[in-house]
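Engineer: structure for the following, please:
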Amino acid sequence: MTTSTVTPVSSTATDATVGSTRFDAASVVALAEVVDRDGLDAHAATLFALAQRASATGVSPVLVDVMLGTGEPYVARLRAFTRVGAAVASPRQHRSAVLAAGRLVAA
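Structural biologist: Numbers count the residues shown, from 1 in each chain. All right, here's what the predicted structure looks like:
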């Protein structure tokens, strides 16, 4: 497993395709859709911003490291992405984000 260090990202950092780093349920689902289409590495800047938010909110550092770890198996990175995205989106919307993102990356 690789270990990554999450450093601060500007609050204005955005992914042009997704258009937001709010990371509510809708933006996590939008990110899952573009990740499904383009792959994780094509959206590295947004994943890094998601990792920063996740670290700040207490999401497991192991999940964050796996999501960002380019040396990790791709399927493990996708699974970590769905868990991290759901945890950051909103506790109330957690389940719907997990289900939507999970359907996209499982296909």
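Engineer: only C-alpha atoms for contact and neighbour calcs from this point on.
Structural biologist: OK.
Engineer: quick one: mean pLDDT over the helix or strand R103 falls within.
Structural biologist: Using DSSP states H and E, R103 sits in helix 94-106. Average pLDDT, helix 94-106: 62.
Engineer: low-confidence bits of this structure, can you list those?
Structural biologist: By pLDDT under 70, the low-scoring segments of the chain are 1-21, 90-102, 105-107.
Engineer: which residues of the chain fall in helices?
Structural biologist: All helices of the chain, identified by DSSP state H, fall at 25-38, 44-56, 61-68, 74-89, 94-106.
Engineer: can you put those helices in JSON lines and add mean neighbour count?
Structural biologist: JSON lines is the format used below for the helices of the chain (neighbours: other Cα atoms under 10 Å):
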{"stretch": "helix 25-38", "mean neighbour count": "20"}
{"stretch": "helix 44-56", "mean neighbour count": "20"}
{"stretch": "helix 61-68", "mean neighbour count": "22"}
{"stretch": "helix 74-89", "mean neighbour count": "22"}
{"stretch": "helix 94-106", "mean neighbour count": "18"}
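Engineer: which residues does R53 contact?
Structural biologist: Counting by Cα atoms under 8 Å, 6 or more residues apart in numbering, R53 touches V88.
Engineer: how close does it get to R103?
Structural biologist: Applying Cα to Cα, to the nearest Å, the value for R53 to R103 is 23 Å.
Engineer: just R22 next, same as before
Structural biologist: For R22, the distance to R103 equals 22 Å [Cα to Cα].
Engineer: one more: V29?
Structural biologist: For V29 relative to R103 (Cα to Cα), the value is 10 Å.
Engineer: how about G71?
Structural biologist: For G71, the distance to R103 (Cα to Cα) stands at 24 Å.
Engineer: swap in T82?
Structural biologist: Note on T82: its distance to R103, by Cα to Cα, is 10 Å.
Engineer: could you do T70 as well?
Structural biologist: According to Cα to Cα, T70 stands 22 Å off from R103.
Engineer: again, but for V59
Structural biologist: Distance of V59 to R103, given as Cα to Cα: 22 Å.
Engineer: also L63?
Structural biologist: Remark: distance between L63 and R103 (Cα to Cα) = 19 Å.
Engineer: do I have it right that A76 meets V64?
Structural biologist: No: at 11.2 Å, A76 does not count as touching V64 under the criterion of Cα atoms under 8 Å.
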